[in-house]
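Participant: just to be clear, the model below is a prediction. Sequence and coordinates:
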Amino acid sequence: MEKPYTPSHQDHMRGMKTVVLTWFFSIGGTSWVSNGPEMVSLVFSIEQNKEIYNQSIYGEPPQLGIWLEEPMSGKVKTVYVTYRTGNGDFEGKSEVPVALPAWIGAYRKETGNNGLPTPGNPLEMSLTGATQKTVHINKEVSVPLGSKWLYYVEVNVAGDYNPAFPAYREDGTPDPDGNGQPSIVYRGEITAEQGVVSHPKLIGRTEQMYLSTAIISDLEGIGNARQLLNRIEVSCISSKQPFN
């Protein structure tokens, strides 16, 4: 009578070698083959207020940055940033560090690069896009089902001066980049489970006159910059489900 087969230690190890657990981000429709956990999509739906940014000196749409942070490890991942900031390609200059300084801090942590994106060293194209003139913006990122995230949205429009953030300080020092009211930052939390919806809260601002990646909780003097975004909603859907 034939003896029943019993897997050997070598057989077990060969089987183990075939198991590869990986996970990945998929941004802007780009994805990579994975044998890891089931993936779902976080969809960022943002509505800009055209009436507000048209009141600025330049009348241009805002610079916008979106990124994720893993609460346990602190690792960050850019979801989207407007082209000028992500490529260092501003009109007449290669750098405007006060455009999205909180995102610059995330970029440095993500890449290990202590500088800024430049035309010679831009952020990868799949993560950047032209300044959005349309009211509605949708950006998507794929993450593992059940994973937990902090997410950030930073927004800034140039030339939106007010008494608290004027073109010139009392001592005559000019606003070197025409910043006006500095960028403001929203933060939220979401668990990547289908059907979950999250809305972030405004948590602070950055500096007007110089680069500082710190988020300042004091919002005194911030006026209509609070109204640049009418709505920010983050929802979790099946990675196979289309979004509008």
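Facilitator: That came through fine.
Participant: touching, Asn179 and Val98? I think so.
Facilitator: Yes. Asn179 sits in contact with Val98 when judged by Cβ atoms under 8 Å, with a separation of 4.8 Å. Every C-beta, even on glycine, is put in place using the N, C-alpha and C of the backbone.
Participant: shared neighbours, the two?
Facilitator: Between them, Asn179 and Val98 share these contacting residues under Cβ atoms under 8 Å, 6 or more residues apart in numbering: Asn156, Gln208, Met209.
Participant: just the element for the spatially most central residue of the chain, please.
Facilitator: The centroid of the chain falls nearest to Ile66 when counting by Cα atoms, centre = their mean (1.5 Å). If you go by DSSP states H and E, Ile66 is part of strand 63-69.
Participant: and that strand, what does it pack against?
Facilitator: Applying 3 or more Cβ pairs under 8 Å, 6 or more residues apart in numbering; DSSP states H and E, one finds that strand 63-69 makes contact with strand 39-48, strand 76-82, helix 83-87, helix 101-111, strand 136-144, strand 148-156.
Participant: quick one, the second one and strand 63-69 angle?
Facilitator: Taking axes from the mean of the first three to the mean of the last three Cα atoms, to 10 degrees, one finds strand 76-82 and strand 63-69 inclined to each other by 160 degrees.
Participant: strand 76-82 versus strand 148-156: what angle between them?
Facilitator: Relative orientation of strand 76-82 versus strand 148-156 (the same axes, to 10 degrees): 30 degrees.
Participant: quick revisit: turn the helices and strands packed on strand 63-69 into CSV, columns for distance to Glu193, mean neighbour count and mean pLDDT.
Facilitator: Listed next are the helices and strands packed on strand 63-69 as CSV, based on distance: least, Cβ to Cβ, whole Å; neighbours: other Cβ atoms under 10 Å; pLDDT from 0 to 100:
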stretch, distance to Glu193, mean neighbour count, mean pLDDT
strand 39-48, 8, 20, 97
strand 76-82, 18, 22, 96
helix 83-87, 30, 21, 89
helix 101-111, 25, 21, 96
strand 136-144, 11, 18, 95
strand 148-156, 10, 22, 98
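Participant: closest one to Ser183 among the ones you listed?
Facilitator: strand 148-156 (3.5 Å; Cβ to Cβ).
Participant: how far does the closest one sit from the chain's center?
Facilitator: Centroid separation for strand 148-156 versus its chain: 6 Å, with Cα atoms, centre = their mean, to the nearest Å.
Participant: check stretch 145-154 too.
Facilitator: 10 Å.
Participant: ok, back up a step: who's in contact with the residue nearest to the centre of the chain?
Facilitator: Listed by Cβ under 8 Å, 6+ apart, the contact set of Ile66 reads Phe44, Thr78, Val79, Tyr80, Val81, Lys139, Tyr151, Tyr152, Val153, Glu154.
Participant: separation between it and Phe90?
Facilitator: From Ile66 across to Phe90, the span is 20 Å (Cβ to Cβ, to the nearest Å).
Participant: ditto for His136
Facilitator: From His136 across to Phe90, the span is 25 Å (Cβ to Cβ).
Participant: please export the C-alpha coordinates of the strand holding Ile66 as CSV.
Facilitator: Extracted as CSV, the C-alpha positions of strand 63-69 are listed here (Å, rounded to 0.1, in the frame of the first residue of the first chain):
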residue,chain,number,x,y,z
GLN,A,63,-1.7,76.1,-6.1
LEU,A,64,-2.9,72.8,-4.6
GLY,A,65,-1.1,69.9,-2.9
ILE,A,66,-2.6,66.6,-1.6
TRP,A,67,-0.6,63.9,0.3
LEU,A,68,-1.1,60.9,2.5
GLU,A,69,0.7,60.0,5.8
